[in-house]
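A.B. asks: how would this look folded up:
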Amino acid sequence: MKNPSRFFVGCSLLVLLFIYGCGYTVPEAELQAAQQAMEQAKKLHAEDLAPSEWKDAIVAWEQAQAAVSEKKPAKSLFIKARSRFEKAVKIANANAESLRKEVTEMQTTIGERSAKVKAALDKGNISPRIKNQVSPIIREVDQSSANLDDLIKQGDLLKARTLAREIQKKVFNAELILAGKKPAS
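C.D. replies: Okay, here's the model as predicted:
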């Protein structure tokens, strides 16, 4: 009697191991959570605002995807990827807030200095040659400022900062021309 029961238990264990090995399932909940965290990070431009955290998250995501394709356990890898994407989101949020402040301050400065240049143009005691040089610059500043507002609304703060710097240079050049100096290149 002992031999048949041992044989039965041994065969049962082998069958269970075989079924477990053939019955691989993808950890859907963890995969979806990691995907949602990745999408959130993409929305916040984490690849630009938190590049090292983004890279870490992508590496973890790729490891989880590789484990799935090799039918290896991937649950903990998707959890790790989600965690890394969430960290990228937090850092991107913090960096975005800092950038938003910087760009807002730049916008204020641009508005104030541009208004002074416009007021000087409106006074009328400027030579036509200087007025013809400065007027197109101010029109460009106004148009670029509208584009700057759009970039800020879209949340593309790195491009917004770059554009704000370009606008500042234009306003500075207009001020130099008004002062009778050569514009900076």
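A.B. asks: switch to C-alpha atoms for all contacts and neighbour counts from now on
C.D. replies: OK.
A.B. asks: list the buried ones in stretch 129-149?
C.D. replies: Within stretch 129-149, the residues that count as buried by 16 or more other Cα atoms under 10 Å are Lys131, Val134, Ile137, Ile138, Val141, Asp142, Ser144, Ser145, Leu148.
A.B. asks: For the residue nearest to Val26 when sequence neighbours are not counted, pull up the helix or strand it's in.
C.D. replies: Leaving aside its sequence neighbours, Val26 sits nearest to Val68 (Cα to Cα, 6 or more residues apart in numbering; 6.6 Å). Using DSSP states H and E, Val68 falls within helix 51-69.
A.B. asks: pLDDT of that helix, averaged?
C.D. replies: Across helix 51-69, pLDDT averages out at 95.
A.B. asks: Please apply the same query to stretch 72-91.
C.D. replies: 95.
A.B. asks: residues of it that come out buried?
C.D. replies: Result for stretch 72-91 [16+ other Cα under 10 Å]: buried residues 74-75, 77-91.
A.B. asks: Repeat that for stretch 150-166.
C.D. replies: Result for stretch 150-166 [16+ other Cα under 10 Å]: buried residues Leu151, Ile152, Gly155, Asp156, Leu157, Leu158, Ala160, Arg161, Leu163, Ala164, Arg165.
A.B. asks: Stretch 25-33 now?
C.D. replies: Buried residues in stretch 25-33 (16+ other Cα under 10 Å): Val26, Glu30, Leu31, Ala33.
A.B. asks: Spatially nearest residue to Lys131, not counting backbone neighbours?
C.D. replies: Leu121 (6.7 Å).
A.B. asks: three-state assignment of the one you found?
C.D. replies: helix (DSSP: H, G, I helix; E, B strand; the rest coil).
A.B. asks: can you give me the helices in this protein?
C.D. replies: 2-22, 28-43, 46-49, 51-69, 75-123, 128-154, 157-178 (DSSP state H).
A.B. asks: pull the helix or strand with minimum mean pLDDT from the chain.
C.D. replies: helix 2-22 (a mean of 49; mean pLDDT, DSSP states H and E).
A.B. asks: As TSV, the helices of the chain with distance to Ser185 would be great.
C.D. replies: Output for these, formatted as TSV (distance: least, Cα to Cα, whole Å):
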stretch	distance to Ser185
helix 2-22	68
helix 28-43	36
helix 46-49	28
helix 51-69	32
helix 75-123	18
helix 128-154	14
helix 157-178	9
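A.B. asks: Those: which one's closest to Ala184?
C.D. replies: Minimum separation from Ala184 across these (Cα to Cα) falls at helix 157-178, 6.1 Å.
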